[in-house]
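Engineer: Make a model of this:
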Amino acid sequence: MGLLGRLRDMLHRQDEPTLSIDDPALVVVVEVFDFAEADSAALARSPQWRADELAVLRHHVRIPADQVERARELLTPDGWTVSASGVAGDISHISRVQKLDALHCAQERSRMASLAQRLGGDALGWDALQKAQEPAR
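Structural biologist: Numbers count the residues shown, from 1 in each chain. Predicted structure coming up:
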């Protein structure tokens, strides 16, 4: 990519609204805890999900407390945040901000299932959060 392309991408990124994984205005807009349900079907059934807006994709996993730091090491370079209580058996959340589509949700679900299994845990499902929609005026 040339200099002009990089500059255009930088300017475009500045125009995108920012979203934080711990924003108190976030609400769950879609969730999948049934591995038989396709991610595309989950997104399609959600009337609250807005495909053109950023969302927090949050995976729910159960991994041993002594493996949480290893999960952080593996996921942080790709922009994921791992939050865990540190108590054995508790559910950890692995989150990041991104635009959602069925392909990326399916890829990340598979990745989290593989990671949880390698670390001696279990992937339970995922949900997506977006800012609550403003009421129509």
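Engineer: Go ahead and confirm L26 touches Q130.
Structural biologist: Yes. Between L26 and Q130 there is a contact at 6.7 Å, judged by CB atoms under 8 Å. C-beta coordinates here come from the backbone N, C-alpha and C atoms, glycine included.
Engineer: The helix ranked longest in the chain - contacts with which helices or strands?
Structural biologist: If you go by DSSP state H, the chain has its longest helix at helix 102-118. Secondary-structure packing of helix 102-118 (3 or more CB pairs under 8 Å, 6 or more residues apart in numbering; DSSP states H and E): helix 39-45, strand 54-62, helix 68-75, strand 122-131.
Engineer: Throw these into a markdown table and include mean neighbour count and mean pLDDT, thanks.
Structural biologist: Formatted as a markdown table, those follow (neighbours: other CB atoms under 10 Å; pLDDT from 0 to 100):
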| stretch | mean neighbour count | mean pLDDT |
| --- | --- | --- |
| helix 39-45 | 16 | 96 |
| strand 54-62 | 21 | 96 |
| helix 68-75 | 16 | 94 |
| strand 122-131 | 19 | 96 |
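Engineer: Put together a markdown table for those, with distance to H104 on each row.
Structural biologist: Converted to a markdown table, the helices and strands packed on helix 102-118 look like this (distance: least, CB to CB, whole Å):
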| stretch | distance to H104 |
| --- | --- |
| helix 39-45 | 9 |
| strand 54-62 | 8 |
| helix 68-75 | 15 |
| strand 122-131 | 11 |
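Engineer: Figure out which of those is closest to A106.
Structural biologist: Of all these, it is helix 39-45 that lies closest to A106, at 4.6 Å by CB to CB.
Engineer: Report the beta-bridge partners for A123.
Structural biologist: V61 (DSSP bridges).
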